[in-house]
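Colleague: here you go, sequence then predicted model.
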Amino acid sequence: MFGSNILEVAIGIIFVYLLLSLICTALNEGIASLIDKRGRNLMGGIKNLLNDPEFTGLAQQVYNHGLIGGISQYASNPNKVTRLPSYMSGQNFSLALLDILGARGVITGKYGDLLATAESADDTYGKALEAAAATPGNPQLAEAADQAKAAQEQAQAALENIANQAKAAYDKAMQSAESAPEGASLANVATQAKNTVDTINAAIKMLDARRAAIASAKNPREARLLLAAGTTLKEALAFARTFAAQSPDLLGNIQEGLKRLPEGDTKETLLVLVDKTRREVAAVEHQAEAFRKNLEGWFNNAMERVGGWYKRWTQRVLLFLAAAVVIVSNADTVMLIQRLSTDSALRASLVAAAQDAVKTPPALEQTTPSTEGTASQPAKSPPTEAKNNNPGLQAVLKTAESIKLPVGWSSDANDAGYFRSPERTWDYAGWVFYKLFGLLLSILAVSMGAPFWFDTLSKFVNLRSAGTPPGETSKSARQPTL
């Protein structure tokens, strides 16, 4: 009998922990959705993975790629700020990055030096403008900005001159081909001239996309700038994608583009993956797909750590929410033990509610902050769904409404939840000690999360069901003869 009472007290306390954990988890989900924490966490991981902290390079291009931009809410609406995707599959990431690297390889293979010069001139001019703006009255800084602007215009003009020459050569080749329709060699010359035009246009568009990305990074709330960056990038990729697909050595083309990336872990890692792919796959025609799979594995491994970032953030927020909920509700573990030990009716009602909760489990996948959905594994449910639509949570809360939970502060001195006014007595000091100790236990317990307490509650309820309920005769005992 005594042991059964202890088990029922434990079930009642665990049930209270479960309710408070569900509330905290639902609040945490609301906060995460409000600040788009999953999307921001994923973006931080991608920026770190691709060595693009300013979000003006590879990471920005990946997010503006159609495979990724298509899953971003409001990505095509210039009047609204794009909501970052909270989930990115490894396959989509690897396909987008492979497409971008292939296009960059085509461009940098022919015009890499000119493009690098133009990008360097852009960076120098940007820094000179910032320095001049910081010290408006400094003539030397103003002159440096003018010189940087001239260098930028010169680099731009060099690319445009090549584009004009390529266009003129293409027009001439087309005229020759049209004047002699039977001349196959003239048609080939026209085709090659067209390829040259498209390649230099792709280089110019890639430079424009980078400038748009820098402008968007400086004004992240401007949806039009982000949309312009994405549109320009798509135009550059459209020019270069065909030539990349026609390359006899696609992996070699990608490797050429990787050499132009900024120095850092990303460049080193991608070059290592290229070498790994060459060792694993000898057939050139199969190397691109093998490299894509290596990219996917690299992404998935990295996103496991990114999921850990979100989990640690969730644990901190849950601890804060647990402290707030426990203190406001006065869910003192010591007080709960005292109440449930002395009130058999309250204890029985909590046990009955706990049994009902186990029969109708809350949808913990929705109310539990999951590290999934921030990386390469999808969340088990959309993280932005309103938690009020969770039928399991509603069932548990409805069950809780039908009973009087042994929590809350009271102004009645005879109530266990009575809030005592400060006194300079040992009795008051003892009350404060046990109150703080009980609240601390509850805070730590509630912060462990609803899934933990639901599993624990199920085990305790099953353990109680396996035994003989109080006041009943054991089913295996011989019944008295009438």
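Modeller: Thanks, I have the structure now. Predicted model, so just to flag it, every value in this text is computed and none were measured.
Colleague: how many residues are close by residue 434?
Modeller: 15 (other CB atoms under 10 Å). In this view, the C-beta of every residue, glycine as well, is placed from N, C-alpha and C.
Colleague: surely it touches residue 338?
Modeller: No - applying CB atoms under 8 Å, one finds residue 434 not in contact with residue 338, separated by 9.6 Å.
Colleague: wait, a helix at residue 248?
Modeller: No - looking at residue 248 with DSSP: H, G, I helix; E, B strand; the rest coil, it is coil, so not inside a helix.
Colleague: that one: neighbour count?
Modeller: Neighbours of residue 248 (other CB under 10 Å): 8.
Colleague: now it: closest residue in space, sequence neighbours ignored.
Modeller: Spatially, and ignoring its direct neighbours in sequence, residue 248 is nearest to residue 284 (7.1 Å; CB to CB, 6 or more residues apart in numbering).
Colleague: that neighbour: what's it in contact with?
Modeller: Contact analysis of residue 284 by CB atoms under 8 Å, 6 or more residues apart in numbering lists 248, 249, 250, 251.
Colleague: next: residue 342.
Modeller: Under the criterion of CB under 8 Å, 6+ apart, residue 342 has no contact partners.
Colleague: what of residue 98?
Modeller: Contact criterion CB under 8 Å, 6+ apart gives 254, 288, 291, 292, 295 as the residues in contact with residue 98.
Colleague: neighbour-wise, give me the winner out of the residues you listed.
Modeller: Among the contacts of residue 98, residue 254 has the most neighbours (other CB under 10 Å), with 28 neighbours.
Colleague: against residue 104, how distant is it?
Modeller: According to CB to CB, to the nearest Å, residue 254 and residue 104 sit 8 Å apart.
Colleague: angles on the backbone of residue 247, please.
Modeller: phi -60, psi 130 (degrees, to the nearest 10).
Colleague: pretty sure it is touching residue 255, no?
Modeller: No - the criterion here is CB under 8 Å, and residue 247 misses it with residue 255 at 11.2 Å.
Colleague: helix, strand, or coil at residue 408?
Modeller: At residue 408 the chain is in coil, as set by three-state DSSP.
Colleague: and the residue nearest to residue 248, how far from residue 249?
Modeller: Counting by CB to CB, the separation of residue 284 from residue 249 is 6 Å.
Colleague: one more: residue 123?
Modeller: Distance of residue 123 to residue 249, computed by CB to CB: 31 Å.
Colleague: where does this structure have low pLDDT?
Modeller: Applying pLDDT under 70 to the chain flags the ranges 1-3, 70-82, 182-183, 223, 360-402, 411-421, 466-482.
Colleague: and residue 305, what does it touch?
Modeller: So residue 305 contacts residue 45 (CB under 8 Å, 6+ apart).
Colleague: please, which helix or strand holds it?
Modeller: Using DSSP states H and E, residue 305 falls within helix 287-329.
Colleague: same question, residue 63
Modeller: Element membership for residue 63 (DSSP H and E) is helix 58-64.
Colleague: same question for residue 54.
Modeller: Per DSSP H and E: residue 54 is located in neither a helix nor a strand.
Colleague: before we move on, back to that, now the contacts of residue 284: which count as buried?
Modeller: With burial judged by 16 or more other CB atoms under 10 Å, the buried subset of the contacts of residue 284 is 250, 251.
Colleague: out of the contacts of residue 284, which comes closest to residue 17?
Modeller: Nearest to residue 17 among the contacts of residue 284, counting by CB to CB, is residue 251 at 55.3 Å.
Colleague: so what's the closest one closest to, chain neighbours aside?
Modeller: According to CB to CB, 6+ apart, the nearest residue to residue 251 is residue 287 (4.4 Å).
Colleague: between the longest helix seen in the chain and helix 287-329, how many degrees?
Modeller: What stands out as the longest helix in the chain, according to DSSP state H, is helix 90-134. Interaxial angle, helix 90-134 versus helix 287-329 (axes from the mean of the first three to the mean of the last three CA atoms, to 10 degrees): 70 degrees.
Colleague: so what's residue 343 up against?
Modeller: Contact analysis of residue 343 by CB under 8 Å, 6+ apart lists residue 406.
Colleague: please redo it, this time with the cut-off set to 10 Å
Modeller: Residue 343 makes contact with 12, 349, 350, 406, 416 under the criterion CB atoms under 10 Å, 6 or more residues apart in numbering.
Colleague: list the ones among those residues that fall in helices.
Modeller: In helices, defined here by DSSP H, the members of these are 12, 349, 350.
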